[in-house]
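In: Just the structure for this:
(2 chains)
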Amino acid sequence: MADQTNTTPYAAHTGTNASRVAGVLALGLIVVLVALPAFASRSLIQDMFFILTMLVLAQFWNLLAGYGGLVSIGQQAFVGIGAYAMFGVVILAGLDPIPAILLGGVIAVLLAIPTAFFAFRLQGAYFAIGTWVIAEVVRLVVSQWQAVGGGTGTSLPRSATRELWFADAIENLFGVRSAAARDILSYWLAVILAVATIGGIYWLLRTRRGLALAAVRDNIEAAKSVGVDATRMKWIVFLVAAFGTGLTGALIYLQKARISPDAAFSVQDWTAYVIFIVVIGGIGTIEGPIIGVLVFFILQSLLADYGTWYLMLLGVIGIIIMLFAPRGLWGLISDRTGVELFPVRRRLTGGRLGQQKSPNNKTE
Amino acid sequence: MTMLALQNVSKSFGALKVTDDVSFDVPEGQALGIIGPNGAGKSTLFNLITGNLSADEGGIHLQGRDVTRAPAMQRCIAGVGRSFQIPQPFTNLTVYENLVVAATFGRQRAEKDVMRQCAVILERTELIGRANQTAGSLSLLERKRLELARAMATHPKLLLLDEIAGGLTEGECHSLVETIKAIHAEGVTIIWIEHVLHALTSVVDRLLVLDFGRVIGIGDPDEIMNSREVKEIYLGIDI
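Out: Model prediction:
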């Protein structure tokens, strides 16, 4: 039945016009972000650092939950262990904090292996609670580590923060003091991390592994039956997310230069806020966490002085969006306009489908 | 040569033995039909063959290779393709992407090497016009066709069809049967569970009857359909 009347061969595309425009704009944005310290105030750099690091955490949580179907509420374990690993090698071994950040990521992966071993035996809500419990156990264990301050925490030694790699060059370049130079350096590392994270996740989702991930999330038994190694996919996603989350944790605490177990393993700061960002922005999309983190930052800037009321308002906003826009703010925008900035969907053209141009084909 | 061989396969859920000492062979290129009342253990038997469930006892061999303990994903790569009784599409992927997953992982190929083959399967199963829609937006018939198309995309040597004609109209059923006949004619070994008996008997070479998890008859379709046991079992179920 395979007829040979095809005028054009079949072809598959993922790009859209919007995505090509977005690609050019993204390059421009990266240039602006890199150049920002030349003309921005120190407080803006600190705000941008916060936005970028929360964005990276959100992208990795989105990879876990939105693409891998692994709803973890224990990601603070990897933020905390990454940060503590960095502090540990700086304080105990005298390593420079910049390479120590990489070590933070590696240690997070080492923690993720036994975590996954136990947590993957649990499904759904039990997995979520299991990861939280494991994170609490890690927090309690780290609180016993007296060399890095035990339960009260500690600071990075002044020698380490003063003589940070590249810090002298930045001090001379911008004519700033060492604390501001550390902010700028951390900020640049956050830019690199954010660009690499978004680029890496986008690349992954466009490969056949990205499709396999979506297949496992949609229907695990069917995915196994078409040859997808579902268990392996889950492991890859969990370990990659742990690595990225650990790196981010180490970077956040390099900028803060002070750590305590309660702060570094905070479920509110590193998981609840991150889930809020992903859910209001739009889970299962790369655009969602970007919008979510901007909304979160604006809300926090406007309302943080109201303490408990602020948290209650965040909760109410989260609930309203889950009820009325389950695919988040980006879902609303995308449904209305058909725009996709990071398209991962393959479009088959040619053959019997002809050359029909319908870049924004409605799919419900 | 034997495509599939089951020796004394058993499976229990708690105290209930849903597959009870089942043995049979399927030669290469044959089409075997499986019938039996609801709850006879037909779908469980499929899940044991595909590896979605693992057998408690007995052995399963695919082309002489022991796959009794192999997971579903490895059996797919070894050549077992299946459809599910209740369609299980990847709802957030497009119809075309559903096939790409199956073709790239089931056959261990790169994406660019399977594109044309996926498009041809979509033409054969009359889903080509739906290629760029999400699978979640398909009708029941289209979902059934997608089950068949996705199984074909894994390039199976052995194709397991689980009630793929159930719930379809006469016309829909007819065109689906024609597609299955064409696949069989290409040399694919088929095992087909079906309640729509006229569809089944128009394709299969041999018929197996399952009741309470046991094989109570296997052989020529006409003989089986006229045997006393089958008539007894099917009493009250329209033949």
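In: Let me know how buried A:L299 is, in neighbour terms.
Out: 16 (other Cβ atoms under 10 Å in any protein chain shown). C-beta: built from backbone N, CA, C; applies to glycine.
In: And it, which helix or strand is it part of?
Out: If you go by DSSP states H and E, A:L299 is part of helix A:287-303.
In: Report the mean per-residue pLDDT for that helix.
Out: Mean per-residue pLDDT for helix A:287-303: 94.
In: Quick one: the helices in the stretch 251-364 of chain A, in order.
Out: A:261-264, A:267, A:273-281, A:287-303, A:308-324, A:328-337 (DSSP state H, counting those that start in this stretch).
In: Quick one: distance of the second one to the chain centre.
Out: Put plainly, it is helix A:267. In terms of Cα atoms, centre = their mean, to the nearest Å, the centre of helix A:267 is set 15 Å apart from its chain centre.
In: Same question for stretch A:77-94.
Out: 20 Å.
In: In contact with the closest residue to A:V226 other than its chain neighbours: list those residues for me.
Out: Counting by Cβ to Cβ, 6 or more residues apart in numbering or on different chains, B:A102 is the residue found nearest to A:V226 once chain neighbours are left out, at 3.9 Å. Going by Cβ atoms under 8 Å, 6 or more residues apart in numbering or on different chains, B:A102 touches A:V226, A:G227, B:R150, B:A151, B:A153, B:T154.
In: that older thread, which one of the helices of the stretch 251-364 of chain A lies nearest to chain B?
Out: helix A:328-337 (12.4 Å; Cβ to the nearest Cβ).
In: List the contacts of stretch B:150-157.
Out: A:222, A:226-227, B:3, B:28, B:63, B:76, B:79-83, B:89, B:98-103, B:105-107, B:114, B:117-118, B:121, B:124-125, B:159-161, B:183, B:188-189.
In: now do stretch A:83-102
Out: With Cβ under 8 Å, 6+ apart, stretch A:83-102 has contacts from A:82, A:103-104, A:106-108, A:142, A:145, A:147-148, A:154, A:156-157, A:160-161, A:163-166, A:185, A:189, A:246-247, A:249-254, A:259, A:264.
In: If we use 7 Å, what do you get?
Out: A:103-104, A:107, A:142, A:147-148, A:154, A:156-157, A:160, A:164-165, A:247, A:249-254, A:259, A:264 (Cβ atoms under 7 Å, 6 or more residues apart in numbering or on different chains).
In: Put the buried members of these into a PyMOL selection.
Out: Buried residues within the contacts of stretch A:83-102, by 16 or more other Cβ atoms under 10 Å in any protein chain shown, are selected in PyMOL with:
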select buried, chain A and resi 103+104+107+142+148+154+156+160+164+247+249+250+251+252+253+254+259+264
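In: out of the contacts of stretch A:83-102, which are inside helices?
Out: A:103-104, A:107, A:142, A:160, A:247, A:249-254, A:264 (DSSP state H).
In: where's the dip in pLDDT among those residues?
Out: A:A160 (82).
In: check contacts around that residue.
Out: A:V90, A:P97.
In: Where does the residue nearest to A:V226 fall, secondary structure wise?
Out: helix B:95-106.
In: residues near A:R336, how many?
Out: 8.
In: Check A:A100 too.
Out: By other Cβ under 10 Å, 22 other residues sit near A:A100.
In: Let's see the pLDDT reported for residue 122.
Out: No chain specified, so I'll use chain A. A:L122 is assigned 93 on the pLDDT scale.
In: looking at chain B here, not the other one
Out: Listed pLDDT for B:L122 reads 94.
In: chain center to the helix holding B:A102: distance?
Out: Distance of helix B:95-106 from its chain centroid, counting by Cα atoms, centre = their mean, is 18 Å.
In: and that helix, average pLDDT?
Out: On average, helix B:95-106 scores 95.
In: Tell me the buried residues in the following helix or strand past it?
Out: Downstream of helix B:95-106, the first helix or strand assigned by DSSP H and E is helix B:111-124. By 16+ other Cβ under 10 Å, the buried positions in helix B:111-124 come out as B:E111, B:V114, B:M115, B:R116, B:Q117, B:C118, B:A119, B:V120, B:I121, B:L122, B:E123, B:R124.
In: Near chain A, list only the ones from those.
Out: Restricting the buried residues of helix B:111-124 to those adjacent to chain A (criterion: Cβ under 7 Å from any Cβ of the partner chain) gives B:E111, B:M115, B:R116, B:A119, B:V120, B:E123, B:R124.
In: Now distance to A:L55 too, for the residues you listed, in a markdown table please.
Out: Putting those into a markdown table (distance: Cβ to Cβ, whole Å) gives the following:
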| residue | distance to A:L55 |
| --- | --- |
| B:E111 | 29 |
| B:M115 | 34 |
| B:R116 | 39 |
| B:A119 | 38 |
| B:V120 | 43 |
| B:E123 | 43 |
| B:R124 | 45 |
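In: List phi and psi for the residue lying closest to A:L193 once chain neighbours are set aside.
Out: Of all residues not flanking A:L193 in the chain, A:V56 sits nearest, at 5.4 Å (Cβ to Cβ, 6+ apart). With angles defined as degrees, to the nearest 10, A:V56 sits at phi -70, psi -50.
In: okay, A:V56: pLDDT?
Out: Per the predicted model, pLDDT is 98 at A:V56.
In: any idea how far it is from A:L239?
Out: Going from A:V56 to A:L239 by Cβ to Cβ, to the nearest Å gives 16 Å.
In: repeat for B:A131
Out: 34 Å.
In: Same question for B:G171.
Out: With Cβ to Cβ as the criterion, B:G171 and A:L239 are 51 Å apart.
In: do the same with A:A264
Out: 21 Å.
In: go on, B:C173?
Out: The value you get for B:C173 to A:L239, if Cβ to Cβ is used, is 47 Å.
In: Check A:R182 too.
Out: 30 Å.
In: of these two, who's got more company?
Out: A:R182 (22 against 17).
In: Next, the contact list for that one, please.
Out: Contacts of A:R182 by Cβ under 7 Å, 6+ apart are A:T161, A:L164, A:A167, A:Q255.
In: pLDDT wise, what is it at?
Out: You'll see A:R182 listed with a pLDDT of 91.
In: go on, B:R150?
Out: 96.
In: count of neighbours near it?
Out: Residues contacting B:R150 under the criterion other Cβ under 10 Å number 33.
In: Where does it sit, in terms of helix or strand?
Out: helix B:140-153.
In: Quick check: buried residues in that helix?
Out: For helix B:140-153, using 16+ other Cβ under 10 Å, the buried residues are B:141-153.
In: how about the CA coordinates for it, as CSV?
Out: Extracted in CSV, the C-alpha atoms of helix B:140-153 (Å, rounded to 0.1, in the frame of the first residue of the first chain):
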residue,chain,number,x,y,z
LEU,B,140,-11.1,5.1,19.6
LEU,B,141,-10.6,3.7,16.1
GLU,B,142,-7.6,5.9,15.6
ARG,B,143,-6.1,4.9,19.0
LYS,B,144,-6.6,1.2,18.0
ARG,B,145,-4.8,1.9,14.7
LEU,B,146,-2.0,3.7,16.6
GLU,B,147,-1.6,0.6,18.8
LEU,B,148,-1.0,-1.4,15.6
ALA,B,149,1.1,1.2,14.0
ARG,B,150,3.4,1.7,17.0
ALA,B,151,3.8,-2.1,17.4
MET,B,152,4.8,-2.3,13.7
ALA,B,153,7.3,0.5,14.1
